[in-house]
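Q: pasting the sequence and the predicted coordinates here, then a few questions.
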Amino acid sequence: MLFWNTHYFLYVMVPGLLIGLWAQIKLHSAFSHYSEVPVESGMTGAEAARHILDKAGLVDMPVEEVPGQLSDHYDPTKRALFLSSDNFHGRSVAAVGVAAHEAGHALQHLNHDTLFNLRMTLVPATQFASYAWMGVMMLGFFMRLPHLMMLAVAIFSVLTLFQLVTLPVEYDASARAKEQLFRLGLVREDERAGVAKVLNAAALTYVAALVNSALQLLYYISAARDNRS
């Protein structure tokens, strides 16, 4: 079977699970630790994000609370920043760091960052690809139609491209966050390391997603070629 054989298990599933698990452990460890470390300024995550946005001229951009843990995100279609309850109300190094990271995405949008705009452009194609690729792949596999399988690979490659573009976008948002936090005096010099550890750990989840997607893509390319022979 295409998805249930030794090669898929050993070269795709196991590495993907291990890398993803490692990234999640690093993230939750860093976030849990620095959620207990109060920020000297006493600001909440929401206040820090508000301050960064206001200084950039985004005074009308809302900063809203959403349920869930680490559900923080910037929505470019609504032009709004959403923070999980812990980070919205939290007065910790972790809360301020995560909030600033999401504000960093708003600054990317404001500055018409090329990769940020590319990621936005890819969203509709990515949504289609996430639903379509497997059906096309299975149809091509069972009907022994190599052209359909290659089409499925091409569709899946959109997902990998999206992950590839996302990675530098996330790292850039973290860099912007750290710059703004320090430049505006929202964190002290001795709090830099904590902010960096939280944001770097969060970035590892995107590294893991890219590696997992790339492993799958390589496997499906190989499977499609084998099906042609």
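A: Good, I have the coordinates.
Q: from now on I want contacts and neighbour counts done on CA atoms only, so please keep to that.
A: OK.
Q: any idea how far the residue nearest the centre of the chain is from Asn87?
A: In the chain, the C-alpha nearest the mean C-alpha coordinate belongs to Tyr206, at 4.9 Å (CA atoms, centre = their mean). Distance of Tyr206 to Asn87, given as CA to CA, to the nearest Å: 20 Å.
Q: what about the protein, any weak spots by pLDDT?
A: Scanning the chain for pLDDT under 70 picks out 1-5, 227-229.
Q: residue boundaries of the helices in the protein?
A: For the chain, the helices defined by DSSP state H cover 6-8, 14-34, 45-55, 85-89, 93-110, 114-142, 146-183, 192-228.
Q: just say which of those is most tucked in.
A: Across the helices of the chain, the average number of neighbours (mean count of other CA atoms under 10 Å) peaks for helix 93-110, which reaches a mean of 27.
Q: packing partners of that one?
A: helix 14-34, helix 45-55, strand 73-75, strand 80-84, helix 85-89, helix 114-142, helix 146-183, helix 192-228 (3 or more CA pairs under 8 Å, 6 or more residues apart in numbering; DSSP states H and E).
Q: please name every helix or strand in contact with the fourth one.
A: Spelled out, that is strand 80-84. strand 63-66, strand 73-75, helix 93-110.
Q: rerun at 10 Å
A: Here strand 80-84 touches helix 45-55, strand 63-66, strand 73-75, helix 93-110, going by 3 or more CA pairs under 10 Å, 6 or more residues apart in numbering; DSSP states H and E.
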